[in-house]
Every structure is written in structure tokens, then in C-alpha cells.
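K.L.:
The sequence isn't on hand, but the structure is:
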């Protein structure tokens with residue numbers, strides 16, 4: 001079953017629908033969707049290393065546009081934004097987050113935008129706290145671009161040998177990936 005799922009992801013990465021799907025996931029993740037675009041970007045770069053930077057650009061553009069939607073949700077639909085934050089388990093830290101944004105908003109966007117922490121938390125909070133919109137967009141371009149282009153570079157440069165190693169021991173790497181994912185989710189819940 002694991003091999004079928006793995007093969008399906010790589011088949012999608014090679015399909016004609018890969019780029020629109022990557023854009024849709026990147027857009028949605030920045031405003032309301034729970035799955036990060038990395039789950040599509042990585043296999044797409046590994047399947048087509050010659051298009052690594054194109055895919056990083058698609059991810060960046062769609063993520064920034066999704067971030068604008070997240071900002072709009074927080075700014076214009078504050079109640080909806082608060083519901084999304086509550087769904088993600090972050091509504092109870094609202095006052096602490098507000099103080100942090102007022103003092104260090106740009107740094108919060110820069111640092112959190114590079115991490116696997118759900119970006120929608122930052123985009124919606126930026127709108128709720130009425131962070132400077134032009135600066136918000138500029139920081140989103142910088143942070144999301146840095147993340148996706150770095151990932152594309154690493155995967156293009158060292159991905160094929162890593163891919164061969166992963167394919168030989170798929171079960172072991174899946175367990176390692178799950179442990180890392182659970183650790184990241186736990187870290188997000190604690191932050």
C-alpha cells in the first residue's frame with residue numbers, strides 16, 4: 001500500500017495537472033488548507049529537476065496570493081479568522097500573539113514564514129492585527145520565496161541520490177518522516 005501511495009504521488013508530479021495542483025495547494029495552504037505545498041513541491045522537483053525553480057516560483061506566487069486571501073479573512077472577516085485560529089488551536093493565545101505582533105510583527109512573519117508552522121496562522125493574524133499590508137506582502141514574497149527556492153535548490157542538487165536511497169528503504173524513511181511530522185505538529189501545538 002505504501003508503495004502504491006508513493007508511486008501515485010510521483011505519477012501526479014509527472015502529470016499535466018501537477019502545476020495547477022501545486023498552485024492550488026500553495027494558495028489554499030496560506031489561508032485555510034492544512035496541508036503544506038512541500039508535499040507536492042518535493043516530488044515534483046525530484047521528478048523534474050530541470051523545472052525545480054519554475055515550481056518554486058509557482059509555489060511562491062500562489063502562496064503569496066493565498067496569503068493575501070488569509071490577510072483579507074483576518075481583516076474583513078475577523079470572526080471567520082478567529083474560527084480558523086480556534087480550529088487550529090491558536091485562539092487561546094490571541095492576546096499574547098497580538099502583543100508579539102505589535103512589537104515584532106515583521107520578524108514574526110519572516111521567521112514563521114520559513115518554518116513548517118502553518119502559514120495561515122500568520123496571514124490571518126496579520127489581517128486581524130491590521131499589520132501594514134504593503135510590508136506584509138513584501139515579507140511574504142521574501143520569506144516564501146526563500147523557503148521554496150531553497151527547497152528546490154536542495155532537492156535539485158542532492159535529491160536524485162537521496163531519492164534512490166529513499167526508494168531502497170521506503171518503509172524506514174516513511175517511519176522517520178512520520179516521526180518528524182508528529183514532532184512538528186507537537187511543536188506547533190506547544191508554540
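P.N.:
Perfect, I can see it now. Bear in mind the structure is a predicted one, so any value in this text is a computation, not a measurement.

K.L.:
okay, CA-based contacts and neighbour counts for the rest of this
P.N.:
Fine.

K.L.:
show me the residues around residue 65 that make contact.
P.N.:
The contact partners of residue 65, by C-alpha atoms under 8 Å, 6 or more residues apart in numbering, come to residue 27.

K.L.:
So what touches stretch 94-101?
P.N.:
Outside stretch 94-101, the residues within contact range by C-alpha under 8 Å, 6+ apart are 108, 126, 129, 131.

K.L.:
Quick check: the third one vs residue 117, distance?
P.N.:
Residue 129 sits 19 Å away from residue 117 when distances are taken as C-alpha to C-alpha, to the nearest Å.

K.L.:
same thing with the last one?
P.N.:
According to C-alpha to C-alpha, residue 131 and residue 117 sit 19 Å apart.

K.L.:
Give the helix, strand or coil label for the residue positioned nearest the centre of the chain.
P.N.:
The residue lying closest to the centre of the chain (C-alpha atoms, centre = their mean) is residue 36, at 3.9 Å. Secondary structure, DSSP: H, G, I helix; E, B strand; the rest coil: residue 36 is coil.

K.L.:
likewise the one 10 residues further on?
P.N.:
Under the three-state scheme (three-state DSSP), residue 46 adopts helix.

K.L.:
returning to what we had before: can you list the contacts of stretch 94-101 in JSON lines and add secondary structure and distance to residue 28?
P.N.:
Below are the contacts of stretch 94-101 laid out as JSON lines (DSSP: H, G, I helix; E, B strand; the rest coil; distance: C-alpha to C-alpha, whole Å):
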{"residue": "108", "secondary structure": "helix", "distance to residue 28": "21"}
{"residue": "126", "secondary structure": "helix", "distance to residue 28": "17"}
{"residue": "129", "secondary structure": "coil", "distance to residue 28": "21"}
{"residue": "131", "secondary structure": "coil", "distance to residue 28": "21"}
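
K.L.:
Scan these and report the most crowded one.
P.N.:
When the contacts of stretch 94-101 are compared by neighbour count (other C-alpha atoms under 10 Å), residue 126 ends up highest, at 28 neighbours.

K.L.:
contacting residues around it?
P.N.:
Neighbouring residues of residue 126 by C-alpha under 8 Å, 6+ apart: 71, 74-75, 101, 136.

K.L.:
Which ones among those lie within strands?
P.N.:
Among these, DSSP state E puts none in strands.

K.L.:
Check the gap between residue 81 and residue 65 for me.
P.N.:
As judged by C-alpha to C-alpha, residue 81 and residue 65 stand 17 Å apart.

K.L.:
For the helix or strand containing residue 146, name the packing helices and strands.
P.N.:
Assigned by DSSP states H and E, residue 146 belongs to helix 133-168. Applying 3 or more C-alpha pairs under 8 Å, 6 or more residues apart in numbering; DSSP states H and E, we find helix 133-168 packed against helix 38-47, helix 52-76, helix 94-114.

K.L.:
Just want the angle from it to helix 94-114.
P.N.:
Angle, helix 133-168 to helix 94-114, by axes from the mean of the first three to the mean of the last three C-alpha atoms, to 10 degrees: 60 degrees.
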